[in-house]
Each structure stands twice: as C-alpha cells, then as structure tokens.
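Participant: Need the 3D shape of this:
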Amino acid sequence: MGKKVENWLMENGYDIKSVRNIDPRMADDEILKIAVSDDRMVMTMDKDFGELIYNSGLVHSGVLLLMLEDTKSDEKVKIVEKILSRYKEKLLNNFCVYQKAKFRIKK
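Facilitator: The predicted model follows:
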C-alpha cells in the first residue's frame, strides 16, 4: 500500500503490522497465516490474494484488495479513509475489492 497509507493508519489509531517491516519477501500464504493467527485483515494491492482465497481456498480473516496501481499516495490515503469510515464493521472476515471507484464485499 505504501508508507503514506501505513503512517495514516497508525496516526489514526489502527493497530497495523507491515509486511515491509517483518519480511518484504514473505510469501502471500504466510501473510495470510499471520493475519489469521492475529485476527487481522490484509490490506493489499496484490491481486494474488484473490487467487489464494478463491481458487486455493486458503483461510483468511479478511482481505481488502485495492486496485490502485497508478494512484498517487495522497489519493490512496483518501480512498482508504473513505472505505474505513463507511465499511469498517463489514470488512473483517470478508473479501473486499475496491476498483474504479466501486467497492464490493464478498463473503
């Protein structure tokens, strides 16, 4: 997601763990395992998480997939802020996708 989003989350009281600070080369399935064991959702721009959850059936405690490849950091922060302010209670244990200004929640 980027350092700016991570900083915004921490500044606004969110308890986050950043893969960048743990192991930037950590495998996606390991990220999911840690998130499940800590009861955390994964916030990512990596489309592979959809593959892992839907095709491989890996257990998760929530994934927020943001399709924001060409988006600047300030805009990413605004989008994350908007999603969390509107849907915070619905994100945990669901697979959520934000793409082209549309937000979907899949159970």
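Participant: Where do the helices of the protein begin and end?
Facilitator: Counting by DSSP state H, the chain has helices at residues 3-11, 19-22, 28-37, 48-54, 73-91.
Participant: To Ile105, which of those helices lies closest?
Facilitator: helix 73-91 (5.7 Å; CB to CB). Just so you know, the C-beta spots here come from the backbone N, C-alpha and C atoms, and that holds for glycine as well.
Participant: Identify the residues contacting the closest one?
Facilitator: Outside helix 73-91, the residues that touch it by CB atoms under 8 Å, 6 or more residues apart in numbering are 1-5, 8-9, 12, 14, 41, 43, 62, 64, 66, 68, 71, 96, 98, 103, 105.
Participant: Could you identify the buried members of these?
Facilitator: Buried members of the contacts of helix 73-91, scored by 16 or more other CB atoms under 10 Å, are 1, 5, 8-9, 41, 43, 62, 64, 66, 68, 96, 98.
Participant: In terms of model confidence, name the weakest of those.
Facilitator: On pLDDT alone, Met1 ranks lowest of these, at 85.
Participant: hang on, it packs against Val42?
Facilitator: No. When contacts are counted by CB atoms under 8 Å, Met1 is not listed as touching Val42 (10.3 Å).
Participant: rewinding a little: inside strands: which ones of the contacts of helix 73-91?
Facilitator: Judged by DSSP state E, strands contain the following of the contacts of helix 73-91: 43, 64, 66, 96, 98, 103, 105.
Participant: any chance of those residues in a markdown table, plus distance to Lys78?
Facilitator: Below are these laid out as a markdown table (distance: CB to CB, whole Å):
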| residue | distance to Lys78 |
| --- | --- |
| Met43 | 15 |
| Leu64 | 15 |
| Leu66 | 12 |
| Cys96 | 17 |
| Tyr98 | 12 |
| Phe103 | 14 |
| Ile105 | 20 |
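Participant: That concludes my questions; thank you for your assistance.
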